[in-house]
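> Please work out how this folds:
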Amino acid sequence: MDYEKHIELNKDEMIFALRDVVRINSEEGEKVIGRNGELYPFGSGVQEALEKVLALGESMGFSAKNVDNYGGHIDFSGKTDRIMGIIGHLDVVPAGSGWDFDPYGGELSEGKIYGRGTTDDKGPVISCLYAMKALKDAGYEPNCTIRLIIGLDEETHWKGIKYYFEHEQKPDFGFTPDADFPVINGEKGMLIFDFAKKITPPQGQAKGLKLRSLKGGTAPNSVADSCRAVLRSDEEGTYDLIKEMVYGYRQETGYKLNVKGAGKSLEITAAGVAAHGAKPEKGLNAISIIMDFLGKLNFVCEDHNEFIDFYNKYIGFCLDGSQIGVDCSDEPSGGLVFNVGMAELDGEAGKLTINIRYPVTADGDGILSKLTSVLDRYDMGLIRGEHKKPIYMEMDNPMVKLLLEIYRKHTGDEKSQPLVIGGGTYARSAENVIAYGALFPGDPDLMHQKNECITVERLMQMTKIYAEAIYKLASGEYNM
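Numbering: from 1, shown residues only. Reported below is the predicted structural model:
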């Protein structure tokens with residue numbers, strides 16, 4: 001069956017479709033009431049992306065369903081009632097700053113399509129849809145229904161996929177195109193929670209240096225690439241001294257720390273390097289930079305000093321949790337990953353939003369218990385958020401072996417082995433689902449970073465891989 005010919009024939013159409021979807025700013029927003037009084041649970045941008053992709057699927061001759069604007073699917077109907085699922089998402093993390101291209105421009109330049117979501121996860125979703133189209137155009141009749149399931153808040157709380165599966169049948173097996181090749185056979189456990197501290201201001205009209213506010217980061221699962229602190233002092237010479245300290249710190253560390261006057265206040269900003277929260281070593285946390293510098297100052301509010309001291313002593317630039325005593329590792333998945341995604345501090349409260357990825361054999365609740373003893377020393381609380389437990393398939397699992405074989409056939413890469421990752425994908429949302437692509441070994445990982453892009457060459461290659469994977473998984477020969 002020559003479905004690859006149809007992938008080539010649809011090349012220009014697929015590129016246009018991806019650029020069109022990337023132009024939609026589908027960062028999750030506040031719920032709104034839209035047309036005809038309908039609720040858009042994740043904002044108008046996410047809604048527009050959902051409607052665009054469902055309409056695209058229908059234009060190809062597939063059936064599509066919108067599940068109350070919480071998600072949807074596109075079906076390539078089969079001969080049996082079994083479902084082979086492909087689970088992707090259309091929401092994206094905030095664009096952030098420092099782009100060379102409009103993050104929502106879908107610009108095509110030198111063989112690359114630029115924009116937020118090109119690799120995570122709009123590009124892979126469009127690739128899978130056009131893989132389905134190529135199979136249909138080639139006359140393929142699947143044994144089971146091929147269902148492209150579209151999630152809408154994967155980057156945050158997963159309320160959409162939960163609602164979707166409360167109303168629709170879960171797939172019997174399948175994959176999510178939202179990680180790495182060659183194939184992902186496990187995902188670390190994931191914890192998202194807050195460290196919180198109530199701030200008691202000093203009594204009376206205390207003189208000295210005050211921290212008016214601090215804010216950094218945009219999402220728990222991203223390395224913060226910016227952080228801003230506003231200081232205030234009425235004492236003569238204080239600002240000049242701090243400016244000198246900033247210049248010296250910058251020379252000593254090489255970090256991008258800047259200072260300027262802001263009315264009667266002093267503004268200090270740090271610029272880091274964004275990265276996915278599962279791979280913080282690829283970035284540089286701006287919150288850690290600014291906390292490190294602020295630790296050299298003395299504020300009139302002791303709670304502010306304590307909060308900053310806690311950060312530098314127990315977190316700092318450490319990425320494995322060892323400074324706070326929760327580091328651990330195992331053979332299948334490696335070590336724990338600790339990322340500070342967001343920070344806020346003002347005259348009333350301080351909050352750090354933490355994202356931990358822990359080994360597949362570790363206990364998430366046990367990790368949280370260890371943290372409590374440290375927090376008690378600083379009169380801080382732990383506010384539990386999301387907890388996604390780890391998943392793991394053995395290397396000899398039939399689906400792992402099949403998807404690895406297909407990847408190797410199309411790439412000639414015989415060295416790369418199945419991976420256990422720190423990222424959390426929709427593979428956790430259903431049984432017998434694993435992550436498959438779309439980042440190729442050795443390619444730069446631009447997910448959650450500025451200048452996110454996908455090459456046309458890789459887009460075509462992954463579409464051919466996905467087409468064969470869908471073909472073999474949905475055939476009568478494969479049973480999970």
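
> Tally up the residues packed near Asp102, please.
Number of residues near Asp102 (other CB atoms under 10 Å) recorded here: 14. C-beta coordinates here come from the backbone N, C-alpha and C atoms, glycine included.

> In three-state terms, label it for me.
Following DSSP: H, G, I helix; E, B strand; the rest coil, we place Asp102 in the coil state.

> mind listing what's buried in stretch 449-468?
Neighbour-count burial for stretch 449-468, counted by 16 or more other CB atoms under 10 Å, picks out 449-454, 456, 458-468.

> repeat for stretch 135-144
Within stretch 135-144, the residues that count as buried by 16+ other CB under 10 Å are Leu135, Lys136, Asp137, Ala138, Tyr140, Pro142, Asn143, Cys144.

> Could you export the residues you listed as a markdown table, including secondary structure and distance to Met14?
Putting the buried residues of stretch 135-144 into a markdown table (DSSP: H, G, I helix; E, B strand; the rest coil; distance: CB to CB, whole Å) gives the following:
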| residue | secondary structure | distance to Met14 |
| --- | --- | --- |
| Leu135 | helix | 14 |
| Lys136 | helix | 14 |
| Asp137 | helix | 12 |
| Ala138 | coil | 15 |
| Tyr140 | coil | 18 |
| Pro142 | coil | 20 |
| Asn143 | coil | 26 |
| Cys144 | coil | 25 |
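
> now, which of those residues sits nearest Lys415?
The closest of the buried residues of stretch 135-144 to Lys415 turns out to be Leu135 (CB to CB; 29.4 Å).

> My reading is that Pro171 lies in a helix. Confirm?
No: remark: Pro171 does not belong to a helix; assigned using three-state DSSP, it is coil.

> OK, contacts around it?
Each residue near Pro171 by CB atoms under 8 Å, 6 or more residues apart in numbering is listed here: Ile83, Met84, Gly85, Ile87, Arg147, Ile149, Ala430, Asn432, Val433.

> okay, now the domains of this protein?
Per automatic domain parsing, the structural domains of the chain span 3-188+391-473, 190-387.

> Relative to the whole chain's centre, how far out is the shortest one?
Mean-position distance between domain 190-387 and its chain equals 20 Å (CA atoms, centre = their mean, to the nearest Å).

> what does the first one give?
Between the mean C-alpha point of domain 3-188+391-473 and the mean C-alpha point of its chain there is a distance of 14 Å (CA atoms, centre = their mean).

> Quick check: mean pLDDT of that domain?
The average pLDDT for domain 3-188+391-473 rounds to 96.

> any idea which of the domains of the chain is most buried?
For the domains of the chain, the largest average neighbour count (mean count of other CB atoms under 10 Å) is found in domain 3-188+391-473, namely a mean of 20.

> From one end of stretch 219-228 to the other, what's the distance?
End-to-end distance for stretch 219-228, by CA to CA, to the nearest Å: 16 Å.

> In strands, which of the buried residues of stretch 449-468 fall?
Applying DSSP state E to these, the entries found in strands are Cys453, Ile454.

> Please list the members of the buried residues of stretch 449-468 that lie in helices.
If you go by DSSP state H, the buried residues of stretch 449-468 have Val456, Arg458, Leu459, Met460, Gln461, Met462, Thr463, Lys464, Ile465, Tyr466, Ala467, Glu468 in helices.

> residues in contact with the nearest residue to the second one once chain neighbours are set aside?
So the one you mean is Arg458. Once flanking residues are discounted, Arg458 sits nearest to Phe440: 6.3 Å by CB to CB, 6 or more residues apart in numbering. Counting by CB under 8 Å, 6+ apart, Phe440 touches Asp180, Phe181, Thr411, Arg458, Gln461, Met462.

> Include distance to Val230 when you put those residues into JSON lines, please.
JSON lines is the format used below for the contacts of Phe440 (distance: CB to CB, whole Å):
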{"residue": "Asp180", "distance to Val230": "40"}
{"residue": "Phe181", "distance to Val230": "45"}
{"residue": "Thr411", "distance to Val230": "51"}
{"residue": "Arg458", "distance to Val230": "43"}
{"residue": "Gln461", "distance to Val230": "48"}
{"residue": "Met462", "distance to Val230": "45"}
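
> Let me know the closest of those residues to Gly385.
Gly385 has its nearest neighbour among the contacts of Phe440 in Asp180, at 25.5 Å by CB to CB.

> Tell me where the stretch 51-200 of the chain has strands.
Secondary structure of the stretch 51-200 of the chain (DSSP state E, counting those that start in this stretch): strands at 63-66, 72-76, 83-89, 108-109, 112-114, 145-151, 173-176, 179-180, 184-187, 189-198.

> TSV please, covering the ones you listed and showing distance to Ile289.
Formatted as TSV, the strands of the stretch 51-200 of the chain follow (distance: least, CB to CB, whole Å):
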stretch	distance to Ile289
strand 63-66	44
strand 72-76	41
strand 83-89	31
strand 108-109	31
strand 112-114	27
strand 145-151	34
strand 173-176	34
strand 179-180	29
strand 184-187	30
strand 189-198	18
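
> which one of the ones you listed lies closest to Leu368?
Leu368 lies closest, by CB to CB, to one member of the strands of the stretch 51-200 of the chain: strand 189-198, at 6.8 Å.
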